[in-house]
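> Structure here, sequence nowhere to be found:
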């Protein structure tokens with residue numbers, strides 16, 4: 001197994017640990033935040049010390065950091081594609097952010113209001129929206 005494939009495997013295993021904690025009962029809101037952020041960082045294959053909480057910027061960091069080695073020769077072109085908007089006013093980083101939020105909704109069996117979900121900028125914003133729905137669903 002290549003080093004890159006091993007990193008993916010380890011990140012997915014770590015993400016599952018965080019998601020299991022969330023699904024079993026995350027405790028209070030601060031514990032929920034810690035587990036959700038751990039899940040995000042593991043899914044994005046980022047180090048825990050990024051210091052960043054903006055979901056869009058974390059998506060950009062993830063894509064830039066994890067460009068597959070086979071694409072490394074064309075790194076600048078790949079980076080340009082990450083931040084370039086298409087005709088639908090979206091890009092790879094925005095897609096990654098939206099897909100992450102949808103994944104969390106599915107994993108935790110909660111639904112966020114689409115209009116409110118569009119306002120999510122940081123991991124804290126996501127927790128502010130998810131945690132009440134998560135607590136209501138667990139009752």
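Received, thanks. On a predicted model such as this, the values are computed, not experimentally measured, just so you know. Numbering: from 1, shown residues only.
> So which residue is dead centre in this protein?
residue 40 (3.9 Å; Cα atoms, centre = their mean).
> Please enumerate the helices of this structure.
Here the chain has its helices, by DSSP state H, at 3-24, 29-43, 55-65, 75-83, 92-108, 114-117, 123-138.
> Quick one: mean pLDDT over stretch 96-111.
Mean per-residue pLDDT for stretch 96-111: 94.
> Outside of it itself, which residues are in contact with it?
19, 22-23, 36, 39-40, 43-44, 55-56, 58-59, 62-63, 112, 117, 120, 126, 130, 133-134, 137 (Cβ atoms under 8 Å, 6 or more residues apart in numbering). (Glycine included, C-beta is placed from N, CA and C.)
> where does this structure dip in pLDDT?
Counting by pLDDT under 70, the chain has low-confidence residues at 1, 26, 68-90.
> same thing but 90
Applying pLDDT under 90 to the chain picks out residues 1-8, 25-27, 47-51, 57, 60-95, 114, 117-118, 135-139.
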